[in-house]
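Undergrad: Output the structure for:
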Amino acid sequence: MSWGAACLAFLAAATERLALVPSFHFVFYLKALESLLVGVGVVALCRPVSRFVHTYASRIGPVAIEGTLVFLVAVGLFACKYPSYARRTDFVLDRAKAIVVSARNDRIAAIDWIETHTDPKAIFLSPAPLALFVVGPSGRKVVAVEPYFSNPYVNWLERDRASRGLFELLRRHDEAGFRGLAQRFDVGHVVAEDPDTEWLRRVPILQETFRCGLVRIYAVRPAFGGDPTIGASSAENLLRPARSRAPALPHVSSH
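TA: Numbers count the residues shown, from 1 in each chain. The predicted structure follows:
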């Protein structure tokens with residue numbers, strides 16, 4: 001029971017400042033505890049039945065009878081649950097979506113281009129879907145990715161705010177602010193998909209370096225003169241969370 005109590009305690013403490021790892025980790029631990037408790041319950045139910053059967057079949061030991069009953073119950077539960085388990089979204093709908101995503105030639109071409117034309121340590125500014133399906137498979141890093149696929153030991157909230165803030169600074173054409181914030185994460189490339197981010201083509205500090213289908217990759221033009229940290233105050237304002245909301249999201253990041 002201490003296992004369950006510890007999981008519940010960590011779930012209750014899963015706030016921005018107290019969470020050790022994303023809260024869903026402890027949900028997985030609770031699911032494992034659930035499976036163990038089901039097993040204990042099955043054994044507890046089979047034990048008195050095995051003793052009763054032993055009174056009529058004394059040649060067979062109660063342990064053997066109990067083991068046989070537990071096995072039969074496990075097989076029965078498997079037979080009852082497997083059809084619905086096999087039809088889970090993970091195995092049907094999500095699999096079909098994954099096949100469609102993996103078959104997109106423009107994303108495959110983008111992965112190949114990144115692998116052959118960028119430094120292995122390059123860091124990209126990317127929307128969440130492309131971070132998972134383009135930048136990640138190419139072995140490069142991003143400012144932020146979805147929390148469930150992210151490094152659990154880096155502050156994801158800060159990285160997510162930075163990623164959204166960098167895109168907002170580009171939308172405003174705030175070159176100084178963008179460079180000030182991008183320097184903190186060593187961002188050298190931006191990857192996006194049309195038509196949602198078609199406006200990136202009009203951002204002066206970005207140079208399009210790859211185009212295939214809907215995928216676009218831009219290089220951040222080097223700054224010519226001036227202090228690259230100018231405008232950091234406007235970048236910090238974008239990083240600062242609003243006081244009116246305090247989302248209890250896990251502390252994770254991309255690298």
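Undergrad: roughly how far apart are Ala64 and Ser50?
TA: Taking C-beta to C-beta, to the nearest Å as the criterion, Ala64 is separated from Ser50 by 8 Å. Any C-beta I mention is one placed from the backbone N, CA and C, and that applies to glycine too.
Undergrad: Neighbour count: those two, which is higher?
TA: The residue with more neighbours, out of Ala64 and Ser50, is Ser50; 21 against 13, by other C-beta atoms under 10 Å.
Undergrad: which helices and strands sit right next to whatever helix or strand that one lives in?
TA: Element membership of Ser50, judged by DSSP states H and E, is helix 24-56. Counting contacts by 3 or more C-beta pairs under 8 Å, 6 or more residues apart in numbering; DSSP states H and E, helix 24-56 packs against helix 2-12, helix 62-86.
Undergrad: need the least confident one among the ones you listed, by mean pLDDT.
TA: When the helices and strands packed on helix 24-56 are ranked by mean pLDDT, helix 2-12 comes last with a mean of 68.
Undergrad: wait, which of the helices and strands packed on helix 24-56 is closest to Phe167?
TA: helix 2-12 (32.0 Å; C-beta to C-beta).
Undergrad: wait, Ser138 sits on His117?
TA: No. Taking contacts as C-beta atoms under 8 Å, Ser138 lies outside contact range of His117: 10.2 Å.
Undergrad: Looking at those two, which one has more neighbours?
TA: Per other C-beta under 10 Å, whichever of Ser138 and His117 has more neighbours is Ser138, with 18 against 13.
Undergrad: Ramachandran angles for the more buried one?
TA: Dihedral angles of Ser138 (phi, psi; degrees, to the nearest 10) stand at phi -80, psi -10.
Undergrad: a strand runs through Tyr218, doesn't it?
TA: Yes. Under DSSP: H, G, I helix; E, B strand; the rest coil, Tyr218 falls within a strand.
Undergrad: dump the residue contacts of it.
TA: By C-beta atoms under 8 Å, 6 or more residues apart in numbering, the residues touching Tyr218 are His189, Val190, Val191, Ala192, Leu200, Val203, Leu206, Gln207, Glu208, Thr209.
Undergrad: Figure out the helix or strand that the fourth one lives in.
TA: Read it as Ala192. Going by DSSP H and E, Ala192 is part of strand 187-193.
Undergrad: helices or strands next to that strand in the packing?
TA: With 3+ C-beta pairs under 8 Å, 6+ apart as the test, strand 187-193 has strand 123-125, helix 128-130, strand 215-220 packed against it.
Undergrad: Identify each buried residue in that strand, please.
TA: Val187, Gly188, His189, Val190, Val191, Ala192, Glu193 (16 or more other C-beta atoms under 10 Å).
Undergrad: from what I can see the fourth one touches Ile123, true?
TA: No. Shown here, Val190 and Ile123 do not form a contact pair, counting by C-beta under 8 Å, at 10.6 Å.
Undergrad: Pro147 - how many residues pack around it?
TA: Count around Pro147 with other C-beta under 10 Å applied: 21.
Undergrad: Give me the angle between the strand holding Ala192 and strand 215-220.
TA: If you take axes from the mean of the first three to the mean of the last three C-alpha atoms, to 10 degrees, strand 187-193 sits at 160 degrees to strand 215-220.
Undergrad: which parts of the helix or strand following strand 187-193 are buried?
TA: For strand 187-193, the following helix or strand on the C-terminal side (DSSP H and E) is strand 206-212. Buried residues in strand 206-212, counting neighbours by 16+ other C-beta under 10 Å, are found at Leu206, Phe210, Arg211, Cys212.
Undergrad: same thing with stretch 56-76?
TA: Buried, per 16+ other C-beta under 10 Å, within stretch 56-76: Pro62, Ile65, Glu66, Leu69, Val70.
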